[in-house]
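Peer 1: curious how this folds, go ahead:
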Amino acid sequence: MEPPNISTAPLPLLGWREWVALPQLATPRIKVKVDTGARSSSLHAFDLELFLHEGHQWVRFGIHPLQRSNKAIVEVEAPVLEFRRVKSSSGQMTERPVIVTTVQALGAEWPIELTLANRDQMGFRMLLGRQAVRGRFLIDPARSYCGGKLKKKK
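Peer 2: Numbering: from 1, shown residues only. Predicted coordinates for the structure are as follows:
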């Protein structure tokens, strides 16, 4: 007998690391770690500056979209959805701004919530947490780049 609320339609596969796009953040590609152990998604952001825009709280920040490189910088402004207390992988609780943006992967596009944090010391500039992939993808931890590898420039 099949469990209730389980779709019989096959879901596309994501590997443990993938390339995605964040079109609303002017980021055509960023390598993400797909982390089902993390509830929320997180984006490396630096120089966070909160400000008011038409009576609403916004945040201005920079993104280094390339892993292990600070050369490319994308400057972004976005409305703040809320502030959320998040426990880091080291067990430290921090309060982070949360924004909503669109992510593109494997030909699909959908809105996700992103917490903004300095991930300079982390291996990936972005984590794609389980809330962002729930019901959209199956995760295969033995695979990488199901959406294709990025060609390296020579």
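Peer 1: in contact with residue 80, which residues?
Peer 2: By CB atoms under 8 Å, 6 or more residues apart in numbering, the contact set of residue 80 is 50, 56-59, 97-99. Just so you know, the C-beta spots here come from the backbone N, C-alpha and C atoms, and that holds for glycine as well.
Peer 1: now residue 83: closest residue in space, sequence neighbours ignored.
Peer 2: Take residue 83 and drop its neighbours on the chain: the residue closest to it by CB to CB, 6 or more residues apart in numbering is residue 95, 5.2 Å away.
Peer 1: which strands and helices sit next to the helix or strand bottoming out on mean pLDDT in the chain?
Peer 2: In the chain, no helix or strand scores lower on mean pLDDT, DSSP states H and E than strand 82-87, which sits at a mean of 91. Judged by 3 or more CB pairs under 8 Å, 6 or more residues apart in numbering; DSSP states H and E, the packing partners of strand 82-87 are strand 93-105, strand 108-117.
Peer 1: list the buried residues for it?
Peer 2: residue 86 (16 or more other CB atoms under 10 Å).
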